[in-house]
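1. here are the coordinates; sequence isn't available:
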């Protein structure tokens, strides 16, 4: 008699007993058996003929052949039944095909366990966490998290899910929140993971940002406060000391002003980073405008600033003010950290679909291990030199976010003793699109 296996929902799978799966041999199978039947018929007939037995002795031959046929048939049926039983799965699939497809498409990792805490299903997102070879493995092997194991043991079927947070360190650091629940219909345990990695990284970034910003502001504030106290005290009537201290205070105040301006600029750019710009910008004109604004600094530092490369470049879709700030930061850095009385080259080039601007200096270069961190907030290769030169440590972070908003690419090449090159590549507007827009403008 068939028995039933409960599953999720109202769908049940009926498993037949082995006796119901027996099928009788086909004609092809009987044909394959013909040669043993022929042998079984010919051999007794030959014996009886040789002994001279006639008449009713053929009844014995017929009985012998029938017995032989029954023997082969029963043996074949037994083998077929044995193969079917061996091929049948030992356990039934606990999920109907529709539920399996829906669970497979979930963006969050999902794991189902049976009543013995063995995995019976894991969707694609979960396989990325525990690996593809998960079937019938126990939970303690797949997720070595004591909090999840405890939640599986304590949560009751049909009750409120238990939640816990955990982190994995390999191959990369990831943070998850786990929801553990048991079904009241079937002996199944559901473990659903929610990825908290982005949230945790954002929280850490904000904490680091506040710590670094407060540290950067603390130093100039302390210097200004100290000089004010000195001027109020014994240096009140010392004209030379007063001029010296006021000059230092002016430098520190300017540094705080630049830091606050850069912080506000970075915050504004980050808020709009997900919104792509829509204006058409002549990149050649933007670069020349940025270079003209920095020219007085280059003259004061006795640095030659040269713009070379192709002209009549295709336009790009962008924000003119942000792109101007981007190239001002790059040219400014090249002047500040390049060789004294050196040279800065700004090269414009184009290739299909791309407009590139490279800013190169002839300074001492950047160590290889420092290049990946250059766009981090407040990171400096040489802290002392950066502060002496008035740097805030936010210039390249601003450059990175502007490039990201414009769907561009920033490439940094440097070699110790040979200078550095910062290349910004932006997608250009196709010539056909520009021509089409010009035609429409002429019609209007």
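-> Nice, I can see it. Model, not experiment: these values are computed from the prediction.
2. So residue 135: helix, strand or coil?
-> Assigned state for residue 135: coil (three-state reduction, DSSP: H, G, I helix; E, B strand; the rest coil).
3. Could you report the pLDDT at it?
-> On pLDDT, residue 135 comes in at 88.
4. what about the residue nearest to residue 128 when sequence neighbours are not counted, how many neighbours?
-> Nearest residue to residue 128 in three dimensions, chain neighbours excluded: residue 109, at 7.2 Å (C-beta to C-beta, 6 or more residues apart in numbering). Glycine gets a C-beta too; all of them are placed from N, C-alpha and C. When neighbours are defined as other C-beta atoms under 10 Å, residue 109 has 22 of them.
5. Ok, the one 3 residues further on next?
-> Other residues near residue 112 number 23, with proximity taken as other C-beta under 10 Å.
6. Residue 194: which element?
-> Applying DSSP states H and E as the criterion places residue 194 in strand 189-195.
7. hang on, the residue nearest to residue 128 packs against residue 131?
-> No - judged on C-beta atoms under 8 Å, residue 109 makes no contact with residue 131 at a distance of 11.9 Å.
8. hang on, residue 157 is in a helix, isn't it?
-> No - according to three-state DSSP, residue 157 belongs to no helix; its state is coil.
9. if I look at it, how far off is residue 186?
-> Residue 157 sits 9 Å away from residue 186, going by C-beta to C-beta, to the nearest Å.
10. Comparing these two, which shows the higher neighbour count?
-> The residue with more neighbours, out of residue 157 and residue 186, is residue 186; 17 against 13, by other C-beta under 10 Å.
11. would that one count as being in a strand?
-> No - per three-state DSSP, residue 186 lies outside any strand segment and is coil.
12. And it, what's its pLDDT?
-> pLDDT, residue 186: 86.
13. Show the backbone phi and psi for it.
-> As for residue 186, its main-chain torsions (degrees, to the nearest 10) stand at phi -130, psi 160.
14. any idea how far residue 227 is from it?
-> For residue 186 relative to residue 227 (C-beta to C-beta), the value is 76 Å.
15. just residue 304 next, same as before
-> Applying C-beta to C-beta to residue 304 and residue 227 gives a distance of 37 Å.
16. who's more crowded, those two?
-> residue 227 (20 against 12).
17. Just the element for the more buried one, please.
-> helix 197-232.
18. Pull out the buried positions in the helix or strand following that helix.
-> Remark: after helix 197-232, the chain's next helix or strand is helix 239-271, criterion DSSP H and E. Buried residues in helix 239-271, counted by 16 or more other C-beta atoms under 10 Å: 245, 249, 252, 255-256, 259, 262-263, 265-266, 269.
19. which helices and strands does whatever helix or strand comes next after helix 239-271 pack with?
-> Next along the chain after helix 239-271, taking DSSP H and E as the criterion, comes strand 280-281. Helices and strands touching strand 280-281, by 3 or more C-beta pairs under 8 Å, 6 or more residues apart in numbering; DSSP states H and E, are strand 316-317.
20. hmm, back to that, now do the strand holding residue 194: everything it contacts.
-> With contacts defined as C-beta atoms under 8 Å, 6 or more residues apart in numbering, strand 189-195 is touched by 108-114, 117, 125-126, 129, 139, 143, 148, 152, 155, 161, 174-183.
21. among the residues you listed, which are in strands?
-> Among the contacts of strand 189-195, the members falling in strands (DSSP state E) are 110-113, 174-182.
22. which residues in the stretch 251-400 of the chain form strands?
-> In the stretch 251-400 of the chain, the strands defined using DSSP state E, counting those that start in this stretch lie at 280-281, 304-309, 316-317, 343-351, 354-361.
23. Give the partner strands of the second one in its sheet and their orientations.
-> When you say that, I think you mean strand 304-309. strand 343-351 (parallel) (DSSP bridges).
24. Quick check: buried residues in the strand holding residue 194?
-> Buried-residue list, strand 189-195, by 16+ other C-beta under 10 Å: 189-193, 195.
25. Next: stretch 145-165.
-> Those would be 145, 148-149, 151-152, 155, 162, for stretch 145-165 by 16+ other C-beta under 10 Å.
26. What is the nearest of these to residue 286?
-> Nearest to residue 286 among the buried residues of stretch 145-165: residue 145, at 52.5 Å, using C-beta to C-beta.
27. my read: that closest one touches residue 166, true?
-> Yes - in this structure, residue 145 is within contact of residue 166 by C-beta under 8 Å, at 4.7 Å.
28. just to revisit the earlier point, so which of the strands of the stretch 251-400 of the chain is the most surrounded?
-> strand 354-361 (a mean of 22; mean count of other C-beta atoms under 10 Å).
29. Now find how far off-centre stretch 137-144 is within its chain.
-> Stretch 137-144 has its C-alpha centroid displaced from the chain centroid by 24 Å (C-alpha atoms, centre = their mean, to the nearest Å).
30. same question, stretch 190-207
-> 13 Å.
31. again, but for stretch 224-238
-> The answer for stretch 224-238 is 56 Å, by C-alpha atoms, centre = their mean.
32. Flag every buried residue along it.
-> Going by 16+ other C-beta under 10 Å, stretch 224-238 has these buried residues: 224, 227, 231, 235.
33. Make sure the first one is actually in contact with residue 251.
-> No - because the distance of 9.9 Å does not satisfy C-beta under 8 Å, residue 224 is recorded as not touching residue 251.
34. count of neighbours near residue 398?
-> 22.
35. Residue numbering should commence at 521 henceforth.
-> All set: I'll call the first residue 521, so the last point we hit is now residue 918.
36. Check what pLDDT the nearest residue to residue 696 once chain neighbours are set aside gets.
-> Nearest residue to residue 696 in three dimensions, chain neighbours excluded: residue 713, at 4.5 Å (C-beta to C-beta, 6+ apart). You'll see residue 713 listed with a pLDDT of 94.
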